[in-house]
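Student: I need the structure of the sequence given here:
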Amino acid sequence: MKANATDLPSPPGPASAPAEAVTALYRAHALGLIRLAVVMLGDRPAAEDVVQEAFCGLYRRWHSLSDSGRR
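Tutor: Residues are numbered from 1 along each chain as shown. Predicted structure coming up:
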């Protein structure tokens, strides 16, 4: 299932919390990334863990992004 622009929440504004932005990105891209990871790893639970860790890392380092408002 591929999300289109009408399915996605509106882009977070500059005052939005990093959690809202990362959540929107996760909803838009997690399924495709999990599918890719399954192909690469051959293991669905491991693929889900890898994708989750990637988004957790993004959230932890959100403050260090050079332009966090850019999508």
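
Student: Determine the next helix or strand in the C-terminal direction from the lengthiest helix in the chain.
Tutor: The longest helix of the chain (DSSP state H) is helix 18-41. As assigned by DSSP states H and E, the chain's next helix or strand after helix 18-41 is helix 44-60.

Student: Any regions of the protein where pLDDT drops low?
Tutor: 1-16, 68-71 (pLDDT under 70).

Student: Let's check: the centremost residue of it is which one?
Tutor: Y26 (3.0 Å; CA atoms, centre = their mean).

Student: how near is that one to E53?
Tutor: 12 Å (CB to CB, to the nearest Å). Just so you know, the C-beta spots here come from the backbone N, C-alpha and C atoms, and that holds for glycine as well.

Student: now do T23
Tutor: 16 Å.

Student: picking up where we left off before, so who does the residue nearest to the centre of the chain touch?
Tutor: Y26 makes contact with F55, according to CB atoms under 8 Å, 6 or more residues apart in numbering.

Student: next one: V22
Tutor: By CB under 8 Å, 6+ apart, the neighbours of V22 are 55, 58-59, 62.

Student: repeat that for 6 Å
Tutor: 55, 58-59 (CB atoms under 6 Å, 6 or more residues apart in numbering).

Student: Can you tell me which of those is nearest R44?
Tutor: Comparing the contacts of V22 against R44 with CB to CB picks out F55 as the nearest, at 16.9 Å.

Student: Fine, thanks again, bye for now.
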